[in-house]
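Engineer: could you look at this predicted model? Sequence included:
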Amino acid sequence: MAGTIQVLMPLALLAGGLAAGGLAISVLAAPLFTTLPTAMYVPVHKGLVTRFDPFMPVSLLSCLLCDVALVVAADGTALRLLAGAAALLLACAMTVSLTKNVPINRWLETLDPQALPPDFEQTDPRERWIRWNRVRGAFAVAALVANVSAAALLI
């Protein structure tokens, strides 16, 4: 099992670091969305989303699978608990993504920036998207902290 953990832990850290970093970048950049004119916001959002997909889902899922495998393979209770906590936090980040951010992304994908719906000012999703992006980013960073703590147990 020690060899398995020596492979899984670095993979979890890499994938989790990429996921947390990607979400941290989007958390830091998202307030820029609120400063853009409405007609500019839609194409900018579309452009950014296509850069983060499929990178983010692959990173989150890879880390989650590594953490689940660590729960099974680890010998120590503390390591199992930390890997389990990281897996749970990642599942939360993925749930927020799939139920909150992705539906907004898909709706925006259908819009023509030159012919936005007349009620777009009332349905503008920027604040909602930013709020949920912060939530999923916090879950991903907390998962990374749990994985770094688990790795520290192995040193």
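Structural biologist: Yes, it's here.

Engineer: buried stuff in stretch 20-30?
Structural biologist: By 16 or more other C-beta atoms under 10 Å, the buried positions in stretch 20-30 come out as 20, 22-23, 26-27, 30. From N, CA and C alone the C-beta is placed, and that goes for glycine too.

Engineer: before we move on, what about stretch 115-133?
Structural biologist: Neighbour-count burial for stretch 115-133 [16+ other C-beta under 10 Å]: 116, 124-126, 129-130, 132-133.

Engineer: out of the helices and strands in this structure, which is least certain?
Structural biologist: Every helix and strand of the chain was ranked by mean pLDDT, DSSP states H and E. The lowest is helix 38-52, at a mean of 88.

Engineer: can you tell me how far the residue in the chain sticking out farthest from the centre sits from residue 38?
Structural biologist: For the chain, the residue at maximal distance from the C-alpha centroid (C-alpha atoms, centre = their mean) is residue 118, at 31.7 Å. As for residue 118, its distance to residue 38 is 12 Å (criterion: C-beta to C-beta, to the nearest Å).

Engineer: likewise residue 53?
Structural biologist: 23 Å.

Engineer: what does residue 148 give?
Structural biologist: Distance from residue 148 to residue 38, by C-beta to C-beta: 40 Å.

Engineer: between those two, which one's more packed in?
Structural biologist: residue 148 (15 against 12; other C-beta atoms under 10 Å).
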